[in-house]
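Undergrad: When you get a sec, could you give me coordinates for this:
(2 chains)
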Amino acid sequence: AQTVTQSQPEMSVQEAETVTLSCTYDTSESNYYLFWYKQPPSRQMILVIRQEAYKQQNATENRFSVNFQKAAKSFSLKISDSQLGDTAMYFCAFMSPSGTYKYIFGTGTRLKVLA
Amino acid sequence: GAVVSQHPSWVICKSGTSVKIECRSLDFQATTMFWYRQFPKQSLMLMATSNEGSKATYEQGVEKDKFLINHASLTLSTLTVTSAHPEDSSFYICSASRVRGEKLFFGSGTQLSVL
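TA: The predicted structure follows:
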């Protein structure tokens, strides 16, 4: 069974600094999708970034980028120039296009950006 | 962009009553909808997966007779919490999928409080 692990329950970063959130997963599949979702205090889930496993290139979205290491089954999120609005819960998620259709979420990392 | 509307945002009910939560995809057809439950400061727990016109698939440990899910059309899924009790109090989130591998579109969630 696939699993997603986020080993950092809480993190903090100074405004304008860079922070990296870690995520590891376990799967025997070769083709899959990985996501980072953000849940701010409003509790609305927002997609931060999406990575297709068969793509070598790391996905980037403005200040957000990932370090996707397929062999190591690692998918970390780097937030550059952190802003107060980045304060949120961040969830890593895994989805395989084959078999039972479901998204598996990690336990989350609570990020606080300090002024 | 694709929008998922979830209503109500919050509901307070007496123990023993039933509560219905609606999840609508406003501008796209959702082939699959997922229902999650989230406890404070915890991750999303998948309750069930529903496809239009077919019975929902419930996760292990989720009582299908208590949490009734109906996916009557490609744009509407409902979750009914029957005979609610205080332990059913939680934040319920729906999400919709257009295509496997694409991001999930999330509703804004429903906070249920059972007195």
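
Undergrad: Just to be sure, A:Thr78 is in a strand?
TA: That one is not Thr; residue A:78 is Lys. Yes: the assignment for A:Lys78, made by DSSP: H, G, I helix; E, B strand; the rest coil, places it in a strand.

Undergrad: If it is in a bridge, with which residues?
TA: On the basis of DSSP bridges, A:Lys78 is bridged to A:Thr20, A:Ser65.

Undergrad: I figured it hits A:Thr18, correct?
TA: Yes: between A:Lys78 and A:Thr18 there is a contact at 6.4 Å, judged by CB atoms under 8 Å. For glycine as for every other residue, the C-beta is placed from the backbone atoms N, C-alpha and C.

Undergrad: What residues does chain A have near chain B?
TA: Applying CB under 8 Å from any CB of the partner chain, we find that chain A lies next to chain B at A:33, A:35, A:42-47, A:50, A:52, A:89, A:91, A:95, A:97, A:101-103, A:105-108, A:110.

Undergrad: make it 7 Å
TA: A:33, A:35, A:43-45, A:47, A:50, A:91, A:95, A:97, A:101-103, A:105-108 (CB under 7 Å from any CB of the partner chain).

Undergrad: are any of the residues you listed buried, and which?
TA: A:33, A:35, A:43, A:45, A:47, A:50, A:91, A:95, A:101-103, A:105-108 (16 or more other CB atoms under 10 Å in any protein chain shown).

Undergrad: where do the strands sit along chain B?
TA: Here chain B has its strands, by DSSP state E, at B:4-7, B:10-13, B:19-25, B:32-38, B:44-51, B:57-58, B:67-73, B:76-81, B:90-97, B:105-106, B:110-114.

Undergrad: In its sheet, which strands sit next to the third one, and in what direction?
TA: It refers to strand B:19-25. Partners of strand B:19-25 in its sheet, by DSSP bridges: strand B:4-7 (antiparallel), strand B:76-81 (antiparallel).
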